[in-house]
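S.K.: the sequence isn't on hand, but the structure is:
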């Protein structure tokens, strides 16, 4: 029995992963999950979570910060590092070539847009081309009606006397008041043709004003609808940015939304700030962090999660670390360490 027990113990020891003095972990800057701390170190939710896992494993960590998400994934796929952590979405395609830990964070894809692009702009509607054309047409009709009345009444009453140049504005003013207020009682047309034309003008104005108001209302409504971004269906025909190769990029491709792809978050944010983009689509917590810290109230998340996601830690395929990391994660959740780290970065769950 002692011999058999010894064999089982030996087998158990051989099955335990042999950690190097230092585990190499790749990461990429994705605030608030991973970012430099300003003192040559690393910080963020994912960094603190990994440090807690490493403490459970009894291992030291060497972080390797790379420039792009794809570079981080390639380092894991090629077994150049022991693991990688940031905001790494668990997907079937990635699972085929790498190993994932249990989920470490619930996330999703959302839309970030400028605040003034999430509601219709009244001024942009008022000064739109169609409204300006309608206003110009109305002014033209009033000038035309005043000119006709000047021709008919210039010899019958002093108000319309003089050259057309002299009477142009008084005639326009008369037509405007006739349409809006019913005219001047003391300047009622005196000629038969003038009175007939005035009646026609008043009756016609009822339809003209209705059409004019309907035109402006339609243009303002369409303008407001077109400029408002509330969900994915509003992204068509808009300038939309995302990170190349991300799950958000894949989602937009499935929905046939044309997107401008960026390698770096900073370049995408800069394009948004400079008005080169109408919206960006990416991981919800990262966009929320940007809106709260760097966005200065000029940007906000709109709509609901487009796609729910889970983040995980990735390791080379067949890594012996996977089981140990999963056990450590369970321990951290059970002893409250995970919740404490979460609250530090995101508040209550």
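M.R.: Thanks, I have the structure now. Treat the numbers as computed from the prediction; the structure is a model and nothing was measured. Numbers count the residues shown, from 1 in each chain.

S.K.: all contacts plus neighbour counts: C-alpha atoms, from now on.
M.R.: Noted.

S.K.: quick one, strands of the chain?
M.R.: Applying DSSP state E to the chain gives strands spanning 22-28, 35-36, 42-43, 60-66, 83-84, 98-100, 105-114, 240-243, 259-262, 279-283, 299-311, 314-316.

S.K.: so where's the stretch 101-250 of the chain shaky on pLDDT?
M.R.: 117-128, 130, 182-186, 215-216, 218-227 (pLDDT under 70).

S.K.: verify the stated contact: residue 285 with residue 105.
M.R.: No. Residue 285 lies out of contact with residue 105 (Cα atoms under 8 Å); the separation is 10.1 Å.

S.K.: so between these two, which is more surrounded?
M.R.: Just comparing residue 285 and residue 105: by other Cα atoms under 10 Å the higher neighbour count belongs to residue 285, 21 against 16.

S.K.: so how far is residue 33 from that one?
M.R.: 9 Å (Cα to Cα, to the nearest Å).

S.K.: one more: residue 294?
M.R.: Remark: distance between residue 294 and residue 33 (Cα to Cα) = 16 Å.

S.K.: between these two, which one's more packed in?
M.R.: Applying other Cα under 10 Å to residue 294 and residue 33 shows that residue 33 carries more neighbours, namely 23 against 12.

S.K.: show me the contacts for that one.
M.R.: 43, 44, 45, 46, 47, 86, 87, 286 (Cα atoms under 8 Å, 6 or more residues apart in numbering).

S.K.: switch the cut-off to 6 Å
M.R.: 44, 45, 46, 86 (Cα atoms under 6 Å, 6 or more residues apart in numbering).

S.K.: dihedrals phi and psi, it?
M.R.: The phi and psi values for residue 33, taken as degrees, to the nearest 10, are phi -90, psi -40.

S.K.: try residue 163
M.R.: The phi/psi pair for residue 163 (degrees, to the nearest 10) is phi -70, psi 160.

S.K.: same question for stretch 50-60: list its buried residues.
M.R.: Of all the residues in stretch 50-60, those buried under the rule 16 or more other Cα atoms under 10 Å are 50, 51, 52, 53, 54, 56.

S.K.: any idea how far residue 69 is from residue 28?
M.R.: Using Cα to Cα, we find residue 28 at a distance of 6 Å from residue 69.

S.K.: ditto for residue 175
M.R.: On the measure of Cα to Cα, residue 175 and residue 69 end up 68 Å apart.

S.K.: quick one: which of these two has more around it?
M.R.: Between residue 175 and residue 69, residue 175 has the larger neighbour count (other Cα under 10 Å), namely 27 against 22.

S.K.: between the buried residues of stretch 50-60, which sits nearest residue 74?
M.R.: Proximity of the buried residues of stretch 50-60 to residue 74 was ranked by Cα to Cα; the top entry is residue 50 with 19.7 Å.

S.K.: would you quantify the distance from that closest one to residue 201?
M.R.: Applying Cα to Cα to residue 50 and residue 201 gives a distance of 80 Å.

S.K.: please apply the same query to residue 157.
M.R.: 19 Å.

S.K.: also residue 153?
M.R.: Distance, residue 153 to residue 201, by Cα to Cα: 15 Å.

S.K.: these two: who's more crowded?
M.R.: Neighbours per residue, other Cα under 10 Å: of residue 153 and residue 201, the larger number sits with residue 153, 22 against 17.

S.K.: number of nearby residues for residue 141?
M.R.: Count around residue 141 with other Cα under 10 Å applied: 16.

S.K.: going forward can the numbers begin at 22, since that is how I track them
M.R.: Okay, residue one is now 22; in that scheme the one you just asked about reads as residue 162.

S.K.: pLDDT score for the nearest residue to residue 109 once chain neighbours are set aside?
M.R.: In space, residue 109 comes closest to residue 332 once its chain neighbours are excluded; the distance is 5.0 Å by Cα to Cα, 6 or more residues apart in numbering. Looking at residue 332, its pLDDT is 97.

S.K.: quick one: pLDDT of the residue nearest to residue 265 when sequence neighbours are not counted?
M.R.: Distance criterion Cα to Cα, 6+ apart; nearest residue to residue 265, sequence neighbours excluded, is residue 282 at 4.9 Å. pLDDT recorded at residue 282 is 96.

S.K.: hmm, residue 266 and residue 282 touching each other?
M.R.: No. Judged on Cα atoms under 6 Å, residue 282 makes no contact with residue 266 at a distance of 8.5 Å.
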